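J.: Quick one, fold the following:
(one chain, ligands or ions: 1)
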Amino acid sequence: MSATTLIGPARSRVDGRLKVTGAAKYSVEFEVPKCAYGWTVESNIAKGKITAIETKAAQAVPGVLAVLTHLNMPKFKEAPKKEGGGGGAGIRNEERFPLSDDGVYYAGQYVALVVAETIEQARHAASLVRVSYAPEEPLLTMEAAVRKADKPKKNNDTPVQINKGDVATALKDASLVKIEQTYITPTETHNPIEMSGTIAHWEDDQKLTLYDATQFVKGVQNILARSLGLELENVRIICPFVGGAFGCKGAVWMHVLLAAMGSKVAGVPVKMHVTRRNMFVGAGHRTPTRQTLSLAATKDGKLQAIQHVSETLTSPVGQFTESCGSRSTGVMYESPSIRVEETVYPVNVSTPTFMRAPGECPGTYALECAMDELAIALKMDPVALRLANHADNHPTKNVPFSAKHLREAYQLGAEKFGWSKRNPELRSMRDGDLLVGWGMATATYPAHKMSAAAKVILRADNSATVQCATHDLGTGAYTAFTQISSEQLGVPFEKVTFELGKSDFPFGPVAGGSNSTGTVGTAIHEAAVLLHKALAELAVKDSKSPLYNTKIEEIGMVAEGRIGIVTDQTKSDSYADILKRAGRDSIEVQSEQKPPEENKKQAFQSWGAHFCEVKIDPLLPRVQVTRVVSVMNCGRIVSAKTARSQIMGGVTMGIGMALTEETSYDPATGLPVIRNLADYHVPTNADVPEIDVSFVGEPDFAFNPIGARGMGEIGITGIAAAIANAVYHATGKRVRDLPITPDKLI
Ligand code: MOS
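T.: Model (predicted):
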């Protein structure tokens, strides 16, 4: 079977035509009769109590159907906070229900909801709501929140405070070369093209349909059912297309609950489309981080100690840990002593959430800058330093990594980039008047495994429909799952229809943690095995079949569209003939959702290396990234085109992180001062060079039957460090707080 090749065929997106013609319907584009609109009022203080809310003027606006505040908001039932793991019952990063009391915990918190017949009426009425507060002094910084600091033992069931060996002694050893530096990353806000949004439609008082822009239809279903006291099957979530997500649509945010309750109270369907402005307070963000790295190495570059102290923020109404240390230093290099400390400070800012490689992304930025600084202290090539500390075994679990090909990634990346021509001296390379810098960094992201089930309907005309309640965030999942289905079922690519984005389908996990391809791919594999067995059962009972009276166990897929005796392929039968002779138009199977099998003898992690070039005008030091070479090792690459796009997307976001992206807050009010795409600078085409992506390794069949470890997030890890390291090489100026804007280089 072709499953042993590293790279699957380059297919164009199966949903490409629907997208470019506008036929693809995104959540808030669904048309629901008599749909009204929700508009929120947000708090302009960061902490305190609401003392009064004047809503009469709003209620008097023509078309207004309901004005909800904490005074008249119906109560939600308690829903699960976090039930992560293989099943995943849904996530609420913000654990307080909206409008549930008079408390204000962060600026921008929704304090009222207006529902009106038109969006203009709703917006106008919302502007007439008058809220009085008794403000209190908000905690807005780590320093201010020091007494509330928490050191969580675990994040998503994984220990995050790591103590291996004796770091303190190594860091005091005068014979070792040491560096210690602190790195800062700012708040980053998700800016997918499609903002979050929901249409809530009560079919009757016990039955709710939600068109929701989400990374987790089953999670939204579960949380809505439990918080509204409905039967699970009476809550339907529909989301066939997502216009980008990156983590901000992984949890259920307040607008979803408001739309559902607002619709219930108003008695009409309600649409709530989060504004770009409110994406900066209402759908999570990447927490700012402060990370102190202490490294000690022998003179030949062998690490003896790595200490990674990571400090991040959360909010008073939700616990979110951005595990910078454990998810980078905890897995990356071999060292006899490793210490990771993670501290979380609750501040009066909206709750952070997952953002592409949460933890790994800022964590690898700090670690990989520190490694560059150590390489310079050692007068060693940065690639050589990394090779000297390569970890064959997981540094803290002490089991071997499966199918790890990081050395090849460094080697191929260095070759393609021309790294051997690098002059290590600072400010030594030029292109005319421009300073040229070359930097590199390691990328890494874990292989997560969750559980899923898939349904397959195979028809006598050799076509198949495959269904799973999974998602395509714009990543190419429709295409990858069509490819996996075609290969596993033995049905031509053109004859497979893959359906996703509906809670009616068999369980699919959150489209997060880069798990979907491997997890849903495994479910498709399991369904294919069931399908071949079901066909075999028909064939062995059929005297006209070449497989008549054969033992079922001897039968498997032997070619596209055929099952046969695996050891004697002269005896086989086609799916179409088996179904026709049995008088069947179709056959249907469904795999079972069960907890993923754990292999504790190996560790599963993806790897990569980024090499990048920057050019900087010394008089106006604006950094231009001019070349990127990224080599990734993610097990099997299911889909050549979409995989390359994923890495390009990650690198592009990393360019934004390194150079331009920052959400800053007004220290007086706690409100973000940047709340639109004009001021929040994501990279444009002119900022992004050709990104040369390649893959190394082999399928990781020890991980799952698809051999794929997932690749949605690894592309963004390490890249900001590679850029920062290149900037240092070009300029001799080490910027340790992102983004590297021109003012910091002058
Ligand atoms: Mo991703 S940050 O796991 O949605």
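
J.: from what I can see Gly439 touches Arg734, true?
T.: No - look at Gly439 against Arg734 with CB atoms under 8 Å: they stay out of range, at 11.5 Å. For every residue, glycine as well, the C-beta is placed using N, CA and C.

J.: The stretch 151-300 of the chain against the ligand: which residues are in contact?
T.: Neighbours of the ligand within the stretch 151-300 of the chain, by CB under 6 Å from any ligand atom: Gln215, Phe246, Gly247, Gly250.

J.: what's the burial count for the last one?
T.: By other CB atoms under 10 Å, 28 other residues sit near Gly250.

J.: picking that back up, anything in contact with each of Gly439 and Arg734?
T.: Both Gly439 and Arg734 are contacted by Ala724, Tyr728, under the criterion CB atoms under 8 Å, 6 or more residues apart in numbering.

J.: pLDDT, secondary structure and distance to Pro159 for the residues of the stretch 151-300 of the chain next to the ligand - can I get that in a markdown table?
T.: Below are these laid out as a markdown table (pLDDT from 0 to 100; DSSP: H, G, I helix; E, B strand; the rest coil; distance: CB to CB, whole Å):
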| residue | pLDDT | secondary structure | distance to Pro159 |
| --- | --- | --- | --- |
| Gln215 | 98 | coil | 26 |
| Phe246 | 96 | coil | 26 |
| Gly247 | 97 | coil | 22 |
| Gly250 | 96 | coil | 22 |
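
J.: Which of the residues you listed sits closest to Phe97?
T.: Gly250 (18.6 Å; CB to CB).

J.: Surely the closest one is in contact with Phe216?
T.: Yes - using CB under 8 Å, Gly250 makes contact with Phe216 at a distance of 6.1 Å.

J.: So for these two, which residues contact both of them?
T.: Common neighbours of Gly250 and Phe216 (criterion: CB under 8 Å, 6+ apart): Ile91, Val510, Ala511, Gly512.

J.: Can you say which of those are also within reach of the ligand?
T.: Here is what survives when the shared contacts of Gly250 and Phe216 are matched to the ligand using CB under 6 Å from any ligand atom: Gly512.

J.: quick check, nearest of the shared contacts of Gly250 and Phe216 to the ligand?
T.: Gly512 (3.2 Å; CB to the nearest ligand atom).

J.: Skipping adjacent residues, who's closest to that closest one in space?
T.: If the residues on either side of it in the chain are set aside, Gly512 comes closest to Gly250, at 4.7 Å by CB to CB, 6 or more residues apart in numbering.

J.: Over to Arg92?
T.: In this structure, Arg92 finds its nearest non-sequential neighbour in Val252, 5.2 Å apart by CB to CB, 6+ apart.

J.: circling back to that earlier point, want to try a markdown table for the shared contacts of Gly250 and Phe216, with pLDDT as columns?
T.: Below are those laid out as a markdown table (pLDDT from 0 to 100):
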| residue | pLDDT |
| --- | --- |
| Ile91 | 88 |
| Val510 | 96 |
| Ala511 | 97 |
| Gly512 | 96 |
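
J.: Quick one: the shared contacts of Gly250 and Phe216 as a markdown table, columns for secondary structure, distance to Ala536 and neighbour count too.
T.: Formatted as a markdown table, the shared contacts of Gly250 and Phe216 follow (DSSP: H, G, I helix; E, B strand; the rest coil; distance: CB to CB, whole Å; neighbours: other CB atoms under 10 Å):
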| residue | secondary structure | distance to Ala536 | neighbour count |
| --- | --- | --- | --- |
| Ile91 | strand | 41 | 25 |
| Val510 | coil | 35 | 27 |
| Ala511 | coil | 34 | 29 |
| Gly512 | coil | 37 | 28 |
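
J.: Low-confidence ranges, the chain, go.
T.: The chain contains residues with pLDDT under 70 at 1-3, 79-88.

J.: mind redoing it with 80?
T.: 1-4, 78-89 (pLDDT under 80).

J.: Show me how it divides into domains.
T.: 27-137+193-244+249-282, 289-448+600-744, 450-590 (automatic domain parsing).

J.: Check the separation of the first and last residues in the shortest one.
T.: Meaning domain 450-590. By CA to CA, to the nearest Å, the extent of domain 450-590 from end to end equals 17 Å.

J.: for stretch 374-392, same thing?
T.: Start to finish, the residues bounding stretch 374-392 are 21 Å apart (CA to CA).

J.: Could you pull out the buried residues of it?
T.: By neighbour count on 16 or more other CB atoms under 10 Å, the buried set for stretch 374-392 is 374-376, 378, 380-383, 385-386, 388-389, 391.

J.: okay if I get the domains of the chain as TSV plus distance to Glu180?
T.: Formatted as TSV, the domains of the chain follow (distance: least, CB to CB, whole Å):
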stretch	distance to Glu180
domain 27-137+193-244+249-282	33
domain 289-448+600-744	4
domain 450-590	32
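
J.: Thr141: neighbouring residues, count only.
T.: Thr141: 15 surrounding residues under other CB under 10 Å.

J.: what about the residue nearest to it when sequence neighbours are not counted, distance to the ligand?
T.: Distances taken as CB to CB, 6+ apart put Val347 closest to Thr141, at 6.7 Å, once the chain neighbours are dropped. For Val347, the distance to the ligand (CB to the nearest ligand atom, to the nearest Å) stands at 21 Å.

J.: same check, this time on Ile53
T.: Ile53 sits 35 Å away from the ligand, going by CB to the nearest ligand atom.

J.: Which strand residues bridge that residue?
T.: Judged by DSSP bridges, the bridge partners of Ile53 are Val131.

J.: show me what contacts it?
T.: Residues in contact with Ile53 (CB under 8 Å, 6+ apart) are Thr69, His70, Leu71, Val111, Ala112, Val129, Arg130, Val131, Ser132.

J.: Assign a three-state SS to the fifth one, would you?
T.: It stands for Ala112. Using DSSP: H, G, I helix; E, B strand; the rest coil, the structure places Ala112 in strand.

J.: What is the burial count for it?
T.: Other residues near Ala112 come to 28 when the count uses other CB under 10 Å.

J.: Run a quick neighbour tally on the nearest residue to it once chain neighbours are set aside.
T.: Of all residues beyond its chain neighbours, the one nearest Ala112 is Val41 (3.9 Å), with distances taken as CB to CB, 6+ apart. Neighbour count of Val41, defined by other CB under 10 Å: 24.

J.: my read is Val41 is in a helix, agree?
T.: No - using three-state DSSP, the assignment for Val41 is strand, not a helix.

J.: State the distance from it to Leu258.
T.: Applying CB to CB, to the nearest Å, the value for Val41 to Leu258 is 11 Å.

J.: between those two, what contacts are shared?
T.: Tyr110, Leu113.

J.: Tell me the buried residues in the helix or strand where Thr626 lies?
T.: Assigned by DSSP states H and E, Thr626 falls within strand 623-633. Buried residues in strand 623-633, defined by neighbour count with 16+ other CB under 10 Å: Val623, Val625, Thr626, Arg627, Val628, Val629, Ser630, Val631, Met632, Asn633.
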